[in-house]
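**Q** Take a look and give me a structure for this.
(chains A and B)
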Amino acid sequence: TQLLEQSPQFLSIQEGENLTVYCNSSSVFSSLQWYRQEPGEGPVLLVTVVTGGEVKKLKRLTFQFGDARKDSSLHITAAQTGDTGLYLCAGVRAGNNRKLIWGLGTSLAVNP
Amino acid sequence: ETGVTQSPTHLIKTRGQQVTLRCSSQSGHNTVSWYQQALGQGPQFIFQYYREEENGRGNFPPRFSGLQFPNYSSELNVNALELDDSALYLCASSVRTAYQETQYFGPGTRLLVL
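**A** A predicted model of the protein is given here:
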């Protein structure tokens, strides 16, 4: 059973379109992170959210942490070809166990 | 640039051989985690080292072992290599806090087992 479910698994869109990627769980997380990974490289941290309902913006990327801290979303406005990559969410579950739990990722292709 | 380095960048081995992968953590980080990532998949947690001791292990067999040194750099050793061990191996360094653990990844070592 995957503790963090990401959807969709694959996404192929045209440049200029908007998209939303979801990260869902039945567990509560004390913090949740989003990473972007390009082929042949390690994941790069985009943002960390820690407060329920928190919204963070990074240029055209908007990240939201659910009120109950069980889910998160990443919205990209006017996607560009440079946004292509694997988007991963990872979280630390509330409680004493501080291990980082990973989703399987959303592979995004933005076509010119 | 995360300040985390890994070596080698690429490696080709044959079944049954042994391999050692190395990771230098970011300055000031005392925790190193190792992950295995298949193509197009998310990272799978192998184990974590905190101040030279193993601090949690994922669902990997004992032939995957590790080590952390006093300078917090780390090694991942895999014995009796199998074809399915072919993957990108990622190392991440971090500083543990009470509420979150932000991990900074190296570029990975791509291992191919023939």
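
**Q** alpha carbons only for contacts and neighbour counts from here, please
**A** Noted.

**Q** quick one: strands adjacent to the helix-or-strand element of chain A with minimal mean pLDDT?
**A** For chain A, the helix or strand with the lowest mean confidence is strand A:100-102, at a mean of 84 (criterion: mean pLDDT, DSSP states H and E). Looking at strand A:100-102 with DSSP bridges, its partner strands are strand A:85-93 (antiparallel).

**Q** Give me the average confidence score over the partner strand.
**A** Mean per-residue pLDDT for strand A:85-93: 91.

**Q** same deal with stretch B:87-106?
**A** 82.

**Q** what comes up buried for it?
**A** Buried positions in stretch B:87-106, judged by neighbour count with 16 or more other CA atoms under 10 Å in any protein chain shown: B:87-95, B:100-106.

**Q** which residues of chain A fall in strands?
**A** A:5-7, A:10-14, A:19-24, A:29-37, A:44-49, A:55-58, A:61-65, A:71-76, A:85-93, A:100-102, A:106-111 (DSSP state E).

**Q** wait, chain B
**A** Taking DSSP E as the test, the strands found in chain B are B:5-7, B:10-13, B:19-24, B:31-37, B:44-50, B:53-57, B:64-68, B:74-78, B:87-94, B:104-105, B:109-113.

**Q** Widest-spaced pair of the buried residues of stretch B:87-106?
**A** Between any two of the buried residues of stretch B:87-106, the greatest separation by CA to CA is 27.6 Å, found for B:A87 and B:Q100.
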